[in-house]
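1. heads up, no residue letters with this:
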């Protein structure tokens, strides 16, 4: 009986984020061994789920991103490439950057839009990336570029993990 009280989903994990400021987005790794968390402080945390029995053997870490000189921009969205396990972040600086989380390396900046990147999604085969560019009011009410959707091809070199040295 779907409506019964006996049919309640079990909470598997409740813990404080390793990031100090407001969380903006969270995504599971494609292999389900961890999560990537983005925040308003221009950081991404890579957290593993060992404490719920999903063994990774890796330590969590965080890195800075979406910064221009001394200005820090929120990380609004994270999207994992479906095959490589690399990911893209979209920030309030209007940029999209790809990362190799396993090797802790920036891959490349792949887009710069006129306003904040509010959402990203890779096509199921990983060959294209959809990007939503929409002002997200970090600077309050003001004139801003129009909201736009972009879809672009993805080059293999933009998402392939770095070779281990």
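-> Here it is on my side, so go on. Just so we're clear, the structure is a prediction, and the values are computed from it rather than from any experiment.

2. got a list of what the spatially most central residue of the chain touches?
-> The centroid of the chain falls nearest to residue 78 when counting by CA atoms, centre = their mean (1.9 Å). Residues in contact with residue 78 (CB atoms under 8 Å, 6 or more residues apart in numbering) are 25-27, 36, 38, 44, 87-90, 120. To be clear about C-beta, it is placed using only N, CA and C from the backbone, and glycine gets the same treatment.

3. what's the farthest-apart pair in the residues you listed?
-> Using CB to CB, the pair of the contacts of residue 78 lying farthest apart is 26 and 88, separated by 14.9 Å.

4. between those two, who's got more neighbours?
-> Neighbour count, other CB atoms under 10 Å: between residue 26 and residue 88, residue 88 has more, with 25 against 14.

5. please enumerate the strands of the chain.
-> 23-28, 34-39, 43-48, 61-64, 67-68, 71-72, 75-80, 87-91, 95-100, 105-112, 117-122, 128-133, 148-153 (DSSP state E).

6. can I get those in a markdown table with distance to residue 163?
-> As requested, those are exported to a markdown table (distance: least, CB to CB, whole Å):
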| stretch | distance to residue 163 |
| --- | --- |
| strand 23-28 | 25 |
| strand 34-39 | 22 |
| strand 43-48 | 20 |
| strand 61-64 | 20 |
| strand 67-68 | 27 |
| strand 71-72 | 31 |
| strand 75-80 | 20 |
| strand 87-91 | 18 |
| strand 95-100 | 10 |
| strand 105-112 | 10 |
| strand 117-122 | 22 |
| strand 128-133 | 23 |
| strand 148-153 | 23 |
